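# Fold the following.
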Amino acid sequence: MAFSKEDMQSELLEFMKGFAAGVERLYGVHEAAILSNPLLISNSTLWNALGNMYDYGVLGIPVIGLGDDPLIDGMYADAEVFLNCIATNAMEPYLYEDNVGYPNLSIKTARMAVARVVLEGGERYTDYGAGEYGLGNGDWGYLTLSEIALLADMDERSVRNAANPKVNDPLITETVGKRSLVTPQEAKRWLAGRKGFTPTQLGRDIKKQVATKTIDLPSDIAEQLSIKAEQAGLSVAEFIKTVI
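So this is what the prediction gives:
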């Protein structure tokens, strides 16, 4: 069942407040306590990244950096790596010290955003193994069955059953190593027939609009342009020149 952005943010707020206490304890300073301030949390990079990842991953609404770039980068890459690494058994004893639970809705949000990026022909930031880091399973260019389940709002067992070639309109998988993975083209075809799937909305042609100066950018897009420019170490004007 779909979850609301407000539910995700409420859980994330509690997680970030508790996690800040752990940071304070590790560093032995009190400045980290400031990070438990809800107003500061709501202006943090992780908070903003997750808000945009919800819009894109769950609602299918493209935002700057998600749906327009071929590779997840910047604050979205940081959020993806952090949330995938935080949800491990090794982290549980540390989080327990401050009575902090896993931010499961945020983790789901990030994974849905990553899945949609791959669905639309982009690349995940890391596949947690293949490539230079030498860990993980080699998912480049494919969606996992768990990602298909997230996008279809189904449980993974049902998706695995749907991949049985004996059923009507099966989900066609490819064997990569020892895993059954799905190409973006096949995922799009199969997901189109699922009631729980939210198709990706057609985004504005931002590059063309900025280049021709025919419109004023909405404030949320302008804010994202500023963030991307800052991450690239450029002024907004200089950054726009690199993408048009």
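# How about the secondary structure of the residue nearest to Thr200 when sequence neighbours are not counted?
Excluding the flanking residues, the one nearest Thr200 by CB to CB, 6 or more residues apart in numbering is Gly60, at 4.4 Å. Where you see a C-beta, it was placed from the backbone N, CA and C, and this is true even at glycine. Three-state assignment for Gly60 (DSSP: H, G, I helix; E, B strand; the rest coil): coil.
# ok, Gly60 - how many residues close by?
20 (other CB atoms under 10 Å).
# One more: Ala152?
Neighbours of Ala152 under the rule other CB under 10 Å: 22.
# do the same with Pro165
Neighbour number of Pro165 under other CB under 10 Å is 8.
# Return the distance of it relative to Ser4.
To Ser4, Pro165 is 37 Å away according to CB to CB, to the nearest Å.
# looking at this structure, which helix or strand is least sure?
Taking mean pLDDT, DSSP states H and E as the measure, the chain has helix 206-212 as its least confident helix or strand, at a mean of 40.
# On the three-state scheme, the spatially closest residue to Ile41 that is not a sequence neighbour is what?
Computed as CB to CB, 6+ apart, the closest residue to Ile41 that is not its neighbour in sequence is Met16, at 5.0 Å. What three-state DSSP gives for Met16 is helix.
# so Met16 touches Ser44, yeah?
Yes: counting by CB atoms under 8 Å, Ser44 is a contact partner of Met16 at 7.3 Å.
# Break the chain down into its domains, please.
Per the record, the chain has its domains at 5-119, 145-191, 206-243, by automatic domain parsing.
# tell me the most buried of the ones you listed?
Of all those, domain 5-119 has the most neighbours on average by mean count of other CB atoms under 10 Å, namely a mean of 18.
# average pLDDT for it?
The pLDDT scores in domain 5-119 average 86.
# Show me how far it is from its chain's centre.
10 Å (CA atoms, centre = their mean, to the nearest Å).
# now the farthest one out in the protein, which residue is it?
Lys166 (33.2 Å; CA atoms, centre = their mean).
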